[in-house]
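K.L.:
Structure here, sequence nowhere to be found:
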């Protein structure tokens, strides 16, 4: 995925309202009116959020006579998930090293405590 597209996806996901819209769309397509209902935002504000999501490729708008359904485009999330997944190994290894360090400290602490008890 191009860097600019990945930036648009992460930029779109940075806003809690847009994440909530995406969460709603996991249940199926919806009209803009349906999407406005759970928010204390105006229809034009929700439309602006939808334009950002659409620009990032996360949603698409269809046309069925007067009805313009908004649909989730989950495939656009795949490259972002892959990018994050690339760091999962790093995070896992970092946590493993941290855990090993903590276990080593605990062993040393137990040994040190045993030595102090013997000295008493």
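P.N.:
That came through fine. Computed from a predicted structure; not experimentally measured.

K.L.:
Could you report the neighbour count for residue 25?
P.N.:
Neighbour count of residue 25, defined by other CB atoms under 10 Å: 21. (C-beta placed from N, C-alpha, C; glycine too.)

K.L.:
For stretch 55-66, what is the spacing between the initial and final residues?
P.N.:
23 Å (CA to CA, to the nearest Å).

K.L.:
List the buried residues of that stretch.
P.N.:
Using 16 or more other CB atoms under 10 Å as the test for burial, stretch 55-66 gives 56, 57, 58, 59.

K.L.:
Stretch 72-79 now?
P.N.:
In terms of neighbour count (16+ other CB under 10 Å), stretch 72-79 has its buried residues at 72, 76, 77.

K.L.:
Narrow the residues you listed to those in strands?
P.N.:
Taking DSSP state E as the definition of strands, the buried residues of stretch 72-79 contribute residue 72.

K.L.:
Residue 33: which of the buried residues of stretch 72-79 is nearest?
P.N.:
residue 72 (17.2 Å; CB to CB).

K.L.:
if I pick the closest residue to that closest one other than its chain neighbours, what's in contact with it?
P.N.:
Distances taken as CB to CB, 6 or more residues apart in numbering put residue 25 closest to residue 72, at 3.8 Å, once the chain neighbours are dropped. Counting by CB atoms under 8 Å, 6 or more residues apart in numbering, residue 25 makes contact with 59, 70, 71, 72.
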